[in-house]
Every structure is written in C-alpha cells, then in structure tokens.
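*Asks:* quick one: sequence and predicted model below, then my questions.
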Amino acid sequence: MKKLYSLCAAILFVLMAVPAFAQAPGYASEDGFIPDLNRDPDMAVAGRNKAPFIFSYGGWVTPVFMDEKRGSADATPSTITTAKLWLQMTLWGNAFIYVRGKNDYYIPIRDNKFQSELDNNVYDLDVGYLNWSTDSGSLRLALGRKFYVIGTGLVMNGRADGGELNLYTSIVDIKAFGAYSGYLKKDNNPYGLSSRDISDGSRRVFAGGTIERGFLNQTFYLLGLMQTDKGKEDSTQKSRYQSQYYGAGLKGVLADGLDYYAEFIYEMGESYIGTTNEKADIKAMAWMLGVNYYMDIKFKPAILFQYAYGSGDKDRSGYKSPTGNTLGDDKGFMTFGTYQGGYALRPTLANLHVARLGFSFVPFYASTSPTVRRMNLLFYYTYYMKDQSRGAINAGDEATKNSTDVGQGIDASFRWAIFQDLAFFFNYAVFLPGGAYESSEPKRHFVMAGFNLSF
C-alpha cells in the first residue's frame, strides 16, 4: 500500500500544479501533466501585496478515483482526497511569509466497498518559508520548506527544508540552494531508496544550483547537484548512496508556437555492490529533449514530441534500490527528480529509451460558451526500449527477458475548466508489453478521474 499511496500523492501534485490548459513554452507545460518545475505553481498568489502585515488565504480540495487492472486479475481501485490550506502575510515591501498545510486521505476499495480500516491519512506542513527580495528584484532569498528544482526537474524536484538564493544580472542568472529532506514525514518523503529510508524517513542533504544565460529567445544553462546520504544503516549492511550530477541544458522558442528543450546529465559518485559492503564508482547518464508545436488555427491543435534516455546496467537488480548494483561500476541512472513517461507503465528513467508523440486539441473551440470552450483532449503514443537488453527496468522485476522491446503505451486525457474555481479531469492509459516480458504478461490499464475545487 505504501507504493500505491506514494503514487497517488505524486499524481495529485502533478495534476494540481498545472493550469489545465496552459501552453507556455518549454517542457513544463507540454502535456498538462507535468508541473512548471521552475517554480512552485501554487505560489501564484504570493508576493503581490506590498503593504506590511496584509493577510491573504485560500486553499483547494481534490478528490480523485483511481483504478488499475492487469489482465484478468482483480482491479485495485482506490480514492485519495487532498486538501490544502495556505496563508500569506506580508512583512514589508519586499518580504512575505507563506505557509501551506496539506492532508492526503487514501482509502482502498474492495468488493465495491470503502475499506476504511485500511485507510491512510497523512497531514503535514507542505510549504512554509520566508521570501525576501531587493527593490529591483535582482536578488531573492527564500528560507524554509519549499520546492527545490534544478533544470527540467529530472535530477531533483521536491520539497525539502533549506534555503535558496537567486541572483539576476545582465550577464548570467545564478541559483544556489542547500536543503535537507529528513524533516519531511515518512509517508510524504519522495527521496527514499532503501527499505530503511522508507521505514525511518529519508535523510539526505542536497546542495546545487544553476548558471544560465539568455540570448535570442533561447536559454543555455549549466547545472550541478550533490546528494549526500545521511540515512541510518544496518550494522552489517552498508546502503548509503552518494551521488553527484553535472549537466547542461538549452531551451527556447524557435518560431511562433514552436518551442523546445534539451538537457543532458552525467551522474558520478559511489554505491555499494549488493551486500558485499564493497564500493563501486557510479558512471551513469541521462538526457531529455522535446519539441512542441502549438498551432493558432481551428481546434487549437498541438503536436508534442519527447525523447528521453536513462543509462542502464546489465547486472543491476533494479533501479529503486541503492544496492542494486551487483558487479563492477554502477552504470544505472538514479535521481531524485520527476519523470512522467506514461501512467500505465510509470517507468523509472533508467535502462530505458522512451519516445513519445502526442496530439492535443480543443474540440469545441467555436462554441459561444466560454465554459464549453475550455474543454481539452490530449493523446500520447509511447514506445519503450531497453538500453541493456539483459537488464531489467523499474524495481528489477519487469522486462527481465533478453530483449530490448519493452512495449508500447497509449495515454488519453480530458481536461475541463468548468469554472474559474472548479475543474474536472479524466485519464485513461494502457500498456502493451513487448518481447522483454514473458508471453503471459497481461496488458495494464489505468483510469483516474477527479475534481479540483479551489477557494
């Protein structure tokens, strides 16, 4: 249940973090599923008031139903309802405090009945920090619990406690931060790799930043991140995973309605070889690139393409364990960020090539009703192929046959901003296993539907 609950919480964050029909340039809004990782989207209300000691508040409630099914096996439906309340107070002209609490209430459904005895109710301080900037806005400082993000979010994207400094100059923009994940509630901590991480809470120190330069509607950036594992270890089994990430990216607008992004990451560090307590060097890499074309014609169509790659290791037992490497250098890419590659398979970007082609449109663009015009449909076709044919994917129990053909996926979604404060969403996804699975492996179906009510 822990894994399913974590999945639910992650999906809800993605859904609520994105305006339903935003089509801003870049990876962040390419399909309406992926959040704008350069900022915390929920902070759109923050920092507007300039007079001191002005209070503002609000919140939202998002009930969601989800159902998964593999072949003839019993479906696993569940509901999760997320409620968040926020409060902002200005301190002086360029400073404010923002606090947001949240509650995630998960209930599985069996035999068409809510299994309240198996529920999971998690409440936590979602965000709480002090933000200050100079009058010109060229220097900004945030201290507290917030979202820390680098680049596309593939390397890191998540909440932690720490501080972030942003410096904007005429030559380059610089972001530097340091953060610690150990104070997050265990059920809300996305950084756990080992079983000890999950049971005791992940205790990781992150330090990193970016340097970026804009030119001719393009932005080039360099990034770096150091992750230090401070988690507990068994006396006879070492499991700490120490990693560093270095990379570069380029994003921008090529023409009217045509934007792109590209990012390359190289991972270094040390991990343990299985249960031997012997260290190995990490030598892994990943990259992502995408092109989005939004057409200002009838039905407002958009064509979306993404290709992503995460290196693999033929002898790694899985990519959700710090001790999965079993021999020699560790070439399996592992990060603490966000990657969305299809809801039915939900792949970890490791030992995988993922190619996605999408198409979206507004079916009632010509309607006289603004509410009807705000309906949007999106479709994605995805092809998955292994990097190392003899290796596995995800936790190590999938696509174990010696073949690169992992399979294909189809995602479809419907978004409807009914009113300014009420939205409905529905997603359906199917995964068709390829030659890397046993012939008996069934199709996977995933359904999700819900509302988002803000106030």
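*Replies:* Sure thing, it's come through. Numbers count the residues shown, from 1 in each chain.
*Asks:* which residue ranges form the strands in the stretch 351-455 of the chain?
*Replies:* Per DSSP state E, counting those that start in this stretch, the stretch 351-455 of the chain carries strands over the ranges 352-361, 375-386, 405-419, 422-433, 444-454.
*Asks:* scratch that, the stretch 51-200 of the chain
*Replies:* Using DSSP E, counting those that start in this stretch, strands in the stretch 51-200 of the chain cover 55-70, 78-92, 95-110, 113-114, 120-133, 139-149, 157-168, 173-180.
*Asks:* these: which one's closest to G192?
*Replies:* Nearest of these to G192, taken as Cβ to Cβ: strand 157-168 at 11.3 Å. Bear in mind the C-beta positions are built from the backbone N, C-alpha and C, glycine included.
*Asks:* given that closest one, what are its sheet partners and their directions?
*Replies:* Note on strand 157-168: by DSSP bridges, its sheet partners are strand 139-149 (antiparallel), strand 173-180 (antiparallel).
*Asks:* reformat those as CSV; add mean neighbour count and distance to G290.
*Replies:* Output for those, formatted as CSV (neighbours: other Cβ atoms under 10 Å; distance: least, Cβ to Cβ, whole Å):
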stretch, mean neighbour count, distance to G290
strand 139-149, 20, 17
strand 173-180, 18, 22
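*Asks:* D126 is nearest to which of the ones you listed?
*Replies:* It's strand 139-149; of those, that one is closest to D126 (Cβ to Cβ) at 7.8 Å.
*Asks:* tell me the gap between that closest one and the middle of its chain.
*Replies:* Relative to its parent chain, strand 139-149 has a centroid offset of 18 Å by Cα atoms, centre = their mean, to the nearest Å.
*Asks:* return it as PDB; C-alpha atoms alone will do.
*Replies:* This file holds the C-alpha atoms of strand 139-149, laid out as PDB (Å, rounded to 0.1, in the frame of the first residue of the first chain):
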ATOM      1  CA  LEU A 139      18.400  39.300  -5.600                       C
ATOM      2  CA  ARG A 140      16.000  36.900  -4.000                       C
ATOM      3  CA  LEU A 141      16.300  34.800  -0.900                       C
ATOM      4  CA  ALA A 142      14.000  32.100   0.400                       C
ATOM      5  CA  LEU A 143      14.400  30.200   3.700                       C
ATOM      6  CA  GLY A 144      12.300  27.300   4.900                       C
ATOM      7  CA  ARG A 145      10.300  24.400   3.400                       C
ATOM      8  CA  LYS A 146       9.700  24.800  -0.300                       C
ATOM      9  CA  PHE A 147      10.100  23.100  -3.700                       C
ATOM     10  CA  TYR A 148      13.700  22.800  -4.800                       C
ATOM     11  CA  VAL A 149      14.200  22.200  -8.500                       C
END
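*Asks:* what's in contact with that strand?
*Replies:* 37-40, 125-134, 156-168, 177, 179, 183, 206 (Cβ atoms under 8 Å, 6 or more residues apart in numbering).
*Asks:* what about it, average pLDDT?
*Replies:* Averaging pLDDT along strand 139-149 yields 95.
*Asks:* likewise for stretch 253-267?
*Replies:* So the average pLDDT for stretch 253-267 ends up being 96.
*Asks:* ok, now stretch 121-130?
*Replies:* On average, stretch 121-130 scores 93.
*Asks:* and stretch 285-296, which residues are buried?
*Replies:* Neighbour-count burial for stretch 285-296, counted by 16 or more other Cβ atoms under 10 Å, picks out 285-294.
*Asks:* now the helix or strand where A308 lies: buried residues?
*Replies:* Element membership for A308, per DSSP states H and E: strand 302-310. Neighbour counts over strand 302-310 (16+ other Cβ under 10 Å) mark 302, 304, 306-310 as buried.
*Asks:* circling back to that earlier point, make a markdown table out of the strands of the stretch 351-455 of the chain and add mean pLDDT.
*Replies:* Below are the strands of the stretch 351-455 of the chain laid out as a markdown table (pLDDT from 0 to 100):
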| stretch | mean pLDDT |
| --- | --- |
| strand 352-361 | 97 |
| strand 375-386 | 97 |
| strand 405-419 | 96 |
| strand 422-433 | 95 |
| strand 444-454 | 94 |
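*Asks:* what's near enough to touch N188?
*Replies:* Applying Cβ under 8 Å, 6+ apart to N188 gives the contacts 9, 104, 122, 124, 159.
*Asks:* isn't A392 right next to S317, touching?
*Replies:* Yes - if you go by Cβ atoms under 8 Å, A392 and S317 touch, sitting 7.4 Å apart.
*Asks:* when those two are compared, which one has more neighbours?
*Replies:* For A392 versus S317, neighbours defined as other Cβ atoms under 10 Å are more numerous around A392 (24 against 18).
*Asks:* the closest residue to that one other than its chain neighbours and Y98, how far apart?
*Replies:* Of all residues not flanking A392 in the chain, T400 sits nearest, at 4.8 Å (Cβ to Cβ, 6 or more residues apart in numbering). T400 sits 46 Å away from Y98, going by Cβ to Cβ, to the nearest Å.
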